[in-house]
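[1] Starting from these lines, generate the structure:
(chains A and B)
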Amino acid sequence: MTPPEDWTLIIEPKGKLLSLNLKEIWRYKDLLEMYIKRDIVTFYKQTILGPLWFFIQPIFTTIVFMFVFGGLAGIPTDGIPQALFYLSGITLWNYFSETLTKTSDTFLQNQAIFGKVYFPRLIAPLSITLTGLVKMFIQFSLFGIVYIWFVIKGIDVRPNSYALLFPVLLFILANLSLGFGIIISSMTTKYRDLKFLITFAIQLWMYATPVIYPLSVMKGSYEKYMWLIQANPITAVMETFKYGFLGQGSFTWLSLGYSLLFSIVILFFGIILFNKIERSVMDVI
Amino acid sequence: MSDIAIKFENISKQYRLGKIGTGTLSHDLKRWWTVNVRGKEDPYIKIGSVNDRSIRAESEYVWALKDINLEVKQGEVLGIIGKNGAGKSTLLKLLSRVTTPTTGRILSKGRIASLLEVGTGFHPEMTGRENIYMNGSIMGMTKAEITRKFDEIVDFAGVAKYIDTPVKRFSSGMTVRLGFAIAAHLEPEILVVDEVLAVGDAEFQQKAIGKMQDVSQSGGRTVLFVSHNMSSLKSLCKKGIILKNGTISYSGDISSAVTLYLQNETTNALNYINNIAYQASYIRLKTITINNKQAGSVKFKDHKNIIEIEIDGELFIETKMAFELRLLDKLNMPLAFYSPGHFYGKAKDFNVGDFHVEEKIFLPEEINRGTYKLDLFLTLPGSTYHVSIKDIYIDIEGFPTKTGWVFDYEKGAGFILIK
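    From the prediction side, this is the model:
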């Protein structure tokens, strides 16, 4: 065997089962920053409207939702102005769904670069999650503008101290989208079946989340499916947000705690799986 | 502490052939069951064919690398030689941690930077400046390090004028130069280079080789260099290994490695038709016959150096064609040129459909003994190539002098014995 020497790197067939590899990710933090900068800057290169594109999509979706769900279907919004209700739901949901869709494609999207050079693979989905967060903040400012406009108009919105939980809500969403995303991307390297499922599953997931309806309405109409909605970790995020900023919604510490715990477990599990897969992924992709 | 920078211990890498589809799931489950649940040894790790792409594999698994044991000393420049598919790139991929070995382990000291393909991670929309930062951080540099080296990198790459232009407007040569410049200034303890010098002009190639020598000699850094260019291998490396079908078939000093490799490679195992390097869309060759053979080494007997070439194929347009032949040595040094199209100023007209080209070439009798290469071309003289066929090896027996001596090309007698 090798005499004890100061090898700095040992490459072996199998890695440790439980390795989060966080130290190495910290060492590559500059790369993470580059990735985020790159994704934001290149997003609107060679477009006329530039950064305006960040706003166009939520504005139009909100208008369509106001017509379809608010107008045609007549789903109540807990007394919150429709524009604010839908905009808050869309802003948060878009962050989650876009991040999930993109991170779940990590290995396939990056196979060219992953095939040539080594860096902690987690940097790629992590940067997507953080880029999404920046984009979310930009869109959140739109929510802020509409919010202030309603306040000036004298509409009764009652923000309260629970609005301070906003960072926690984002933390939960980031954990969930990153966690689920890397689990899916790890599972789709060899068998791509799951990839077909994911876009369509995200669509259905939205309907199981209080985005276009308040939780109170669900409780009134479909009592027996409430467990499903309650089990959904994003439900508490949506309700807490609306409760804190708009003064309406069903907030309990229990459901928020459940969401937080759920998101951390998913992320932890995701990182372990991802680190296990990343070592051999280039052979099967 | 020894002065070994990299150590490969029993490294093997197994790949699976064929497609991944519905059937492979049950196969995977079976394998997983045997290994993880019943606790037995992986049954597939034992089998697996030798990595030889020209022979049809019997097993589904193939060993791209098998039992590689290798030590590279610090400051050494190791050349890795081998045919396509011999396992060179797999070896470097393992080292740069793109993939993991099936068995064995690699030990190394210090940061490894790989130049498997230059311009990795260049984003076409970002400027040269942004890409230097991006690419540098992909290779593991910190922002501060890059800032410190920035001017040197730009200077070395010679792209100062374009530094704030998106990389998509760069020429491919400029991209390569920039990529190489970044990697060369990384100051890794171990630098892995794979065929990057193929692009870039002569001046830059010289510069790159100089930089690599610099890095290894004054910097005491280790370089692993894969190339098909024997002369740059010879000028850069001291030691060399030959990989053949996934195993190390020779390890020693570079010039014997190059000589040995070229000797073994000089049989045309495959049909000459496999030597087609370029073929325009409107032409398709069917057979190439040289001295009545369609494969194998071309030998000349009784110092009558006559080459009879017949090419059959099909044309889809009407065109003029002339035959051209180049004679080179094994290191690609051109020696002679034959072009009746230019010499007589004529090219024959060909119609759409099957065609047949026949050429009998009388080379001088006084060619010295050695192994040479033929490159064949069908051209439209002075304007374009229809087809190029490269690297057909020929053995010339040499010209016996009155004293009974036969002189060798490689031993310094050169190409022709002058009367």
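
[2] any idea how far the residue in the stretch 251-400 of chain B that chain A sits nearest to lies from residue B:72?
    At 19.5 Å from chain A, residue B:251 is the closest residue in the stretch 251-400 of chain B, using CB to the nearest CB. Every residue, glycine included, has its C-beta placed from N, CA and C. Taking CB to CB, to the nearest Å as the measure, residue B:251 falls 10 Å from residue B:72.

[3] Please apply the same query to residue B:185.
    From residue B:185 to residue B:72 the distance is 22 Å (CB to CB).

[4] Contact partners for the spatially closest residue to residue A:59 that is not a sequence neighbour?
    Sequence neighbours aside, residue A:142 is the residue nearest to residue A:59 in space, at 7.2 Å (criterion: CB to CB, 6 or more residues apart in numbering or on different chains). Contact partners of residue A:142, counting by CB atoms under 8 Å, 6 or more residues apart in numbering or on different chains, are A:55, A:58-59, A:87, A:91.

[5] Please, where are all the helices along chain B?
    B:22-32, B:88-95, B:128-138, B:143-157, B:172-184, B:202-217, B:230-236, B:254-265, B:340-343 (DSSP state H).

[6] where among these is the average confidence lowest?
    In terms of average pLDDT, helix B:22-32 trails the rest of those, at a mean of 68.

[7] Could you check which of residue B:251 and residue B:72 has the larger neighbour count?
    A count of neighbours by other CB atoms under 10 Å in any protein chain shown puts residue B:72 above the other of residue B:251 and residue B:72, at 21 against 15.

[8] so how far is whatever helix or strand residue A:108 lives in off the chain centroid?
    For residue A:108, the element it lies in under DSSP states H and E is helix A:106-109. Computed by CA atoms, centre = their mean, to the nearest Å, the chain-centroid distance of helix A:106-109 equals 17 Å.

[9] which residues sit against it?
    By CB under 8 Å, 6+ apart, helix A:106-109 touches A:102, A:114, A:121, A:124-125, A:128, A:181-182, A:185-186, A:188-189, A:195, A:277, A:281, A:285.

[10] how many neighbours does residue B:3 have?
    11.

[11] okay, now residue B:316: neighbour count?
    12.

[12] now it: how far from residue B:352?
    Residue B:316 sits 6 Å away from residue B:352, going by CB to CB.

[13] Residue B:247 too?
    49 Å.

[14] Likewise for residue B:285?
    Counting by CB to CB - residue B:285 and residue B:352 are separated by 16 Å.

[15] More neighbours: which of those two?
    Using other CB under 10 Å as the criterion, residue B:285 and residue B:352 rank with residue B:285 on top: 19 against 12.

[16] What values do phi and psi take at the residue nearest in space to the middle of chain B?
    Geometric centre of chain B, nearest residue: residue B:228, 3.5 Å, by CA atoms, centre = their mean. Dihedral pair for residue B:228: phi -100, psi 0, per degrees, to the nearest 10.

[17] circling back to that earlier point, can you give the distance of the helix or strand following the helix holding residue A:108 from its chain's centre?
    Counting by DSSP H and E, the element after helix A:106-109 in chain order, helix or strand, is helix A:111-114. Relative to its chain's centre, helix A:111-114 lies at 24 Å (CA atoms, centre = their mean).

[18] go on, stretch B:79-87?
    Using CA atoms, centre = their mean, the offset of stretch B:79-87 from its chain centre is 8 Å.

[19] Which residues belonging to that stretch are considered buried?
    By neighbour count with 16 or more other CB atoms under 10 Å in any protein chain shown, stretch B:79-87 contains the buried residues B:79-83, B:85-87.

[20] Check stretch A:79-92 too.
    A:80-92.

[21] With stretch B:232-250 instead?
    B:232-234, B:236-237, B:240-249.

[22] can you list the weak-confidence ranges in the chain?
    No chain was given, so I picked chain A. Along chain A, the parts satisfying pLDDT under 70 run over A:1-5, A:14-20, A:284-285.

[23] Chain B, not that one
    Checking chain B against pLDDT under 70 turns up B:1-2, B:17-25, B:27, B:35-60, B:115-121, B:195-201, B:265-270.

[24] Which residue comes closest to residue B:309 once chain neighbours are left out?
    residue B:359 (4.8 Å).

[25] and that neighbour, what is it in contact with?
    B:307-310, B:323, B:325, B:340.

[26] Selecting buried members of the contacts of helix A:106-109 in PyMOL, what would you type?
    Here is the PyMOL command that selects the buried residues among the contacts of helix A:106-109 (16+ other CB under 10 Å):
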select buried, chain A and resi 102+114+121+124+125+128+181+182+185+186+188+189+277+281+285
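
[27] filter the contacts of helix A:106-109 by proximity to chain B?
    residue A:114 (CB under 8 Å from any CB of the partner chain).

[28] after the strand or helix carrying residue A:243, next one along is what?
    Secondary structure assignment for residue A:243, by DSSP H and E: helix A:233-246. Remark: after helix A:233-246, the chain's next helix or strand is helix A:253-278, criterion DSSP H and E.

[29] Buried ones in that next one, by neighbour count?
    A:255-256, A:258-260, A:262-263, A:266-267, A:270-278.

[30] Return the member of the buried residues of stretch B:232-250 nearest to chain A.
    residue B:246 (15.2 Å).

[31] quick one: contacts for the most centrally placed residue in chain A?
    Among the residues of chain A, the one closest to the centroid is residue A:96, at 2.6 Å (CA atoms, centre = their mean). Contacts for residue A:96 (CB under 8 Å, 6+ apart) come out as A:173, A:176-177, A:234.

[32] which of the residues you listed count as buried?
    Buried, going by 16+ other CB under 10 Å: A:173, A:176-177, A:234, out of those.

[33] Ends of stretch B:220-235, what's the gap?
    18 Å (CA to CA, to the nearest Å).

[34] which one among the contacts of helix A:106-109 gets closest to chain B?
    residue A:114 (7.0 Å).

[35] Report the contact partners of that closest one.
    Contacts of residue A:114 (CB under 8 Å, 6+ apart): A:107, A:121, A:281-282, B:98.

[36] that older thread, C-alpha coordinates for the helix holding residue A:243, CSV please?
    Only the C-alpha atoms of helix A:233-246 are listed here, as CSV (Å, rounded to 0.1, in the frame of the first residue of the first chain):
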residue,chain,number,x,y,z
PRO,A,233,-45.6,22.4,1.9
ILE,A,234,-46.2,25.4,-0.3
THR,A,235,-49.7,26.0,1.1
ALA,A,236,-48.4,27.5,4.3
VAL,A,237,-46.0,29.7,2.3
MET,A,238,-48.8,31.2,0.3
GLU,A,239,-51.1,31.7,3.2
THR,A,240,-48.5,33.2,5.5
PHE,A,241,-47.5,35.7,2.8
LYS,A,242,-51.1,36.8,2.2
TYR,A,243,-51.7,36.9,5.9
GLY,A,244,-48.6,39.0,6.6
PHE,A,245,-48.9,41.5,3.7
LEU,A,246,-52.7,41.6,3.1
